[in-house]
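Chemist: Just need the structure, nothing else, for what follows:
(2 chains)
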Amino acid sequence: MRKKGTGVNFAGFAKFVPVLFLPLPPHLLNTKPPHSDILSKYQKPAQNYMTQPISVTINGVSHTHQVEPRLLLIHYLREVVGLTGSHIGCETSLCGACTVEVNGKAIKSCSMFAVQANGATILTIEGLTSSDGKHHPVQEAFWNEHALQCGFCTPGMIMVSKQIIERNPAPTDTEIREGLDGNLCRCTGYQHIVNAVRTAKAGA
Amino acid sequence: MATTITKVDKLVGKRIRRKEDPRLITGTATYVEDITRPDMQHAVIVRSPHGAARIKGIDISKAAALPGVTAVFIGKDITGVGSVVCAADLPGLRRPVHHILAQSRVYLVGHPVAVVVACNRYIAADAADLVEVDYEVTQAVTDPEKALAPGAPAVHPEWPDNKAFVYHQTGGDIDKAFADADVIVRQRIVSQRLVPNAMETRGVVAEWLQAERSLTMYTSTQIPHLARTILAGQLGIDENRFRLVAPEVGGGFGSKLNVYAEEALMGFITMKTGKPVKWIESRRENFLCTIHGRGHVDYFEIAAKKDGAILGLRLKLIQDLGAFHQLLTPAIPTLSVLMMPGLYNFRNIDADVIGVFTNCVPTDAYRGAGRPEATHGIERMVDMLAAELKMDPAVIRFKNFVQPDQFPFPTATGLNYDSGDYGATLQKAMDLIGYDDLRKQQAEARAAGRLMGIGISTYGELCAFGPSPATPAGGWESATVKIEPTGKVTVLTGTSPHGQGQETSFAQIAADELGVPMDDIIVLHGDTSIVQYGIGTFGSRNTAVGGPALYYALQDLKEKIRKFGRMLLEADDVVFENGVCTDPKTGKEVSIQTIAGAAYRALKLPPDTDPGLVATKFWEPSNFAFPFGAHIVVSEVDRDTGEIAIKRYMAVDDIGNQLNPLLVDGQLHGGAAQGLGQALWEHGIYDDNGQLVTGEFMDYVMPRARMMPWIESSHTVTPSPVNPLGVKGVGEAGTIGSTPAMVNSVVDALSPLGIRHVDMPLTPEKVWKIVNGATA
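Modeler: The predicted model follows:
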């Protein structure tokens, strides 16, 4: 007769399963930090790289900055302007997490230099919610349909979804999937995102 | 101050949209890369371009001279920092010392050699390009079977056979099983290397305050408390002066169930320079330097009687470990051994595991961690056995399932399956998809020359990790519930959710137990200075282990609420329901909000009762939980292109009770996408020199929206007896069930061509070659 019970028989178990081994070597650092030694060796001011002025309107607000020509638009938005809602997933234009609208078109902001956006009107995820806190229908649909889990790809997904329904108010599921194809999500398997785009179009 | 609330409906079991989403859909959530500190520096790491080489010299002078550079460190500078920790152990395990910066040799492409710290990321990257490293390239070995061959290059010169460990496990009488067999089927099955690819790469912001000897570190991790304990040891600092925060974490899938060299390195840098420092992993680094998953070559032999009754299973498992052990690297293949019998009622197993060093990035836990490999193996072997015996793959499964009256079922591998009805999920999946009709359609398709396949997998999963003696670092979980003086509720969970949705599902549990609206509850996690010690998020354990911890903390709190209720109502006994204590004799009521106010004001206290309304529970599970299910895939192979069209995907999963079916669906869809990714597209390929050929999204095929089928899903519900919520865990189920169903479907499609097995991924090129080779 087998003994009924839900517990594991650890006597038999222990020999099969790795047990705790947390070596915590007390390699003590020198607690007196030689900051001054380290820093005096270096700490020359950054040289003045060549910069040029740009003026852009982001989410309805005008910005003017001096930027290096090599500065990517996504780095400009995140680090110069401080809009960190658009994310960097690859920096090679393959994942779409950095998607924003430039002059009304969804673009991957890692594939464009900030200086190329001079004079442009830009919309980021932060600009979708109205000042009284009302979500854009696409945002609301993503929430309702559980179209996000970790949320990292979500700002890009929402920006591209907005474009899908603006270009085609009644997309089929196949058209929605084709529209989402430039944006990677590792969490959802896309099914709830497809649901969100389909229902957002109804609500928009 | 306190307001009386109305009674609420029960929330557990409802499809409720998530509390965490407003910050995520508005771009206002804070991930590591969004964090800045005054005078923060940026680190860029110089990494080995070679799979194996000796470092003859490093010249940092040009990099150090670049204006804006704060510091450059190389291997000799970090001798005071502890090496990267592996928490798993096996008898005779060889442990290479894994320094946080390379010393005299590099062992893989991407091995960190130097780190440049500068005032901004562009200058740091410029300076990193100026670090000159003189390498003497040696021969690499990247294929685990080649690494075992005599005369292979030694990854670690001190161990020329490249074996990290050899591990043997047996159960029952395997020799008798094979002697008694009418039929024996053998197959070599590869579970290829996969790259987890969380959409957020890793990243660290570290800040040392010398005056307080305190370190604050924001890092993208699944295990904030364990990471703090380990990093405090590596850095030689006091754990209680070390605040480690997992802020918003953009996916993990096991790749952040680890403690990496870069975390200790950033701690070292901020302590050395006195300045806060940020490091954000590039996607290329994520491919090269964050752990990979799978990496098995498995030799299976299955023994059975003529009627299909399985007698035993032998496995020789060659695990590609990579060059070092990360946190759990050597333990992962032992999980494969534990789950090798699948859902089937046979008692004889024999497994030999060989852990092999290669000049590749370490493998470790990736969604499923050892169990997808086991499930793919047994499910392929059962299909091959069915083909050999000319049985329907469903029939042979029904014949061998552990039966509902056999639970709890002790397996040959030492587990104790908690509960289940394996036949019910398969029958339901077959009914929903119309299995018999599909077989008729298949016969017609074949008669017309079309390659249509129907693939079944019936998977079981070892999850809800787990009893502490069976886990490498404690398997319990913790929860604190604080009812504030106004009656608002704060839950602190020791788990570290990063997309799984426990801010919502745990609020559902608390709302039901306390009778307050969900909006009155917040769930906090991931900050070691706020949350009591916890284990973290992995192994489908948040709900199944963290949930019961919360449940029992709530029970303690309810007991205290009733004490205050009796005192305030001057009653002998009270009933606490829907947020109100009621004296059943008088009908007088007092709300939880009034009680909370009274408990903190403490003008009067019940006998033997302290002020306040806070409870903490550390909960130790008595067993794992074992979800299961049946997935069926209908596919068709295009003879001309080798492309595979997925016509139907049916998933029937039993994960025990469901707290929030909306979140369950999300977990299963995402899991299935990763499982189909392995079956069809994904492959981390190293060439013989140690270069990761599929090292970018351009080469490594991630599932995209257009590639994914519509997933039809349903459930059966067999509550787990292991915990009071009856939940089993859902995080990994989709990944485990989908892969063999997909491969079985394609092999079934190709079977008229005499095909009995194809290794993953089933790329169009591979399938086209098979189809055209076979028909030519």
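Chemist: Residues of the stretch 201-350 of chain B that sit close to chain A?
Modeler: Selection of the stretch 201-350 of chain B residues close to chain A by Cβ under 8 Å from any Cβ of the partner chain yields B:201, B:208, B:210, B:213, B:229-230, B:232-237, B:248-251, B:253, B:268, B:271-274, B:280, B:282-283, B:330-331, B:334, B:337-338. The C-beta positions use only the backbone N, C-alpha and C, and glycine is treated the same way.
Chemist: are any of those residues buried, and which?
Modeler: Neighbour counting by 16 or more other Cβ atoms under 10 Å in any protein chain shown classes B:201, B:208, B:229-230, B:232-237, B:248-251, B:253, B:268, B:271-274, B:280, B:282-283, B:330-331, B:334, B:337-338 among those as buried.
Chemist: Now go through these and say which are in helices.
Modeler: Counted as lying in helices by DSSP state H, out of these, are B:229-230, B:232-235, B:268, B:271-273, B:283, B:334, B:337-338.
Chemist: quick check, nearest of those residues to chain A?
Modeler: B:G233 (3.0 Å; Cβ to the nearest Cβ).
Chemist: Would you agree that closest one is in contact with B:V84?
Modeler: No - with contact defined as Cβ atoms under 8 Å, B:G233 does not count as touching B:V84 (11.4 Å).
Chemist: residues contacting the residue nearest the centre of chain A?
Modeler: Using Cα atoms, centre = their mean, the residue of chain A that lies closest to the mean C-alpha position is A:H87, 2.5 Å off. A:H87 is in contact with A:97-98, A:152-153, A:155-156, B:31, B:33, B:199-200, B:250, counting by Cβ atoms under 8 Å, 6 or more residues apart in numbering or on different chains.
Chemist: and which of those is nearest B:K766?
Modeler: Here the nearest of those to B:K766, counting by Cβ to Cβ, is B:M199; it sits at 27.6 Å.
Chemist: Do you know the pLDDT at the residue in chain A positioned nearest to chain B?
Modeler: Chain A approaches chain B most closely through A:G85 (2.0 Å), counting by Cβ to the nearest Cβ. Per-residue confidence (pLDDT) for A:G85: 98.
Chemist: Just the element for it, please.
Modeler: Using DSSP states H and E, A:G85 falls within no helix or strand.
Chemist: Tell me, please, the helix or strand in chain A that averages the lowest pLDDT.
Modeler: Comparing every helix and strand of chain A by mean pLDDT, DSSP states H and E singles out helix A:10-13 as the least confident one, with a mean of 39.
Chemist: And for chain B?
Modeler: Least-confident helix or strand in chain B using mean pLDDT, DSSP H and E: helix B:764-775, a mean of 89.
Chemist: So for stretch B:205-216, first residue to last residue, what's the gap.
Modeler: 8 Å (Cα to Cα, to the nearest Å).
Chemist: Go through the contacts of A:H87 and single out the one with the most neighbours.
Modeler: In terms of neighbours by other Cβ atoms under 10 Å in any protein chain shown, these top out with A:F152 at 33 neighbours.
Chemist: Leaving out chain neighbours, which residue sits closest to residue 51?
Modeler: Picking chain A for this. Once flanking residues are discounted, A:T51 sits nearest to A:Q66: 4.2 Å by Cβ to Cβ, 6 or more residues apart in numbering or on different chains.
Chemist: my bad, chain B
Modeler: In space, B:G51 is closest to B:G690, 1.6 Å off (Cβ to Cβ, 6+ apart).
Chemist: contacting residues around the one you found?
Modeler: B:G690 is in contact with B:50-52, B:108-109, B:140, B:142, B:359-360, counting by Cβ under 8 Å, 6+ apart.
Chemist: Quick one, grab the pLDDT at residue 7.
Modeler: Chain wasn't specified; assuming chain A. A:G7 is assigned a pLDDT of 41 by the prediction.
Chemist: that answer is for a different chain, and I need it for chain B
Modeler: For B:K7, the model assigns a pLDDT of 48.
Chemist: what does B:A443 give?
Modeler: Looking at B:A443, its pLDDT stands at 98.
Chemist: got the domain boundaries for chain A?
Modeler: Domains of chain A are assigned by automatic domain parsing as A:52-127, A:137-203.
Chemist: and those, which is most packed in?
Modeler: domain A:137-203 (a mean of 23; mean count of other Cβ atoms under 10 Å in any protein chain shown).
Chemist: ok, that one near chain B or not?
Modeler: Yes - residues of domain A:137-203 contacting chain B under Cβ under 8 Å from any Cβ: A:139, A:142-144, A:146, A:148-155, A:158, A:173, A:176-178, A:180-181, A:183-194.
Chemist: Quick check: the gap between B:F346 and chain A.
Modeler: Relative to chain A, B:F346 is positioned 16 Å away (Cβ to the nearest Cβ, to the nearest Å).
Chemist: Would you confirm that that residue contacts B:R314?
Modeler: No - contact criterion Cβ under 8 Å: B:F346 and B:R314 do not qualify, at 11.8 Å.
Chemist: the domain parsing of chain B - what is it?
Modeler: According to automatic domain parsing, the ranges for chain B are B:21-29+B:467-619, B:391-410+B:418-459+B:626-775.
Chemist: Of these, which is nearest B:T70?
Modeler: Evaluated over the domains of chain B, closeness to B:T70 peaks at domain B:21-29+B:467-619, with 27.3 Å, by Cβ to Cβ.
Chemist: Give me the helices and strands touching the helix or strand harbouring A:V160, please.
Modeler: A:V160 belongs to helix A:154-167 when assigned by DSSP H and E. Identification of packing neighbours for helix A:154-167 by 3 or more Cβ pairs under 8 Å, 6 or more residues apart in numbering or on different chains; DSSP states H and E yields strand A:99-102, strand A:105-108, helix A:137-144, helix A:173-179, helix A:191-203, helix B:21-25.
Chemist: so which of those comes closest to B:S505?
Modeler: With Cβ to Cβ as the measure, helix B:21-25 is the member of these nearest B:S505 (13.3 Å).
Chemist: what's the helix or strand following the closest one in contact with?
Modeler: Next in sequence after helix B:21-25, counting helices and strands by DSSP H and E, comes strand B:41-47. Applying Cβ under 8 Å, 6+ apart, the contact partners of strand B:41-47 are B:70, B:109-121, B:123-125, B:127-128, B:131, B:133, B:262, B:265-266, B:269, B:273, B:275-279, B:285, B:288-289.
Chemist: From those residues, which land in strands?
Modeler: Under the assignment DSSP state E, the contacts of strand B:41-47 contribute B:70, B:112-118, B:133, B:277-279 to strands.
Chemist: Quick check on the residues you listed: which are buried?
Modeler: Among the ones in strands among the contacts of strand B:41-47, those buried by neighbour count (16+ other Cβ under 10 Å) are B:70, B:112-118, B:133, B:277-279.
Chemist: Can you lay out these as JSON lines showing pLDDT?
Modeler: Formatted as JSON lines, those follow (pLDDT from 0 to 100):
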{"residue": "B:T70", "pLDDT": "96"}
{"residue": "B:P112", "pLDDT": "98"}
{"residue": "B:V113", "pLDDT": "98"}
{"residue": "B:A114", "pLDDT": "98"}
{"residue": "B:V115", "pLDDT": "98"}
{"residue": "B:V116", "pLDDT": "98"}
{"residue": "B:V117", "pLDDT": "98"}
{"residue": "B:A118", "pLDDT": "97"}
{"residue": "B:V133", "pLDDT": "98"}
{"residue": "B:V277", "pLDDT": "98"}
{"residue": "B:K278", "pLDDT": "98"}
{"residue": "B:W279", "pLDDT": "98"}
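Chemist: All set now, cheers.
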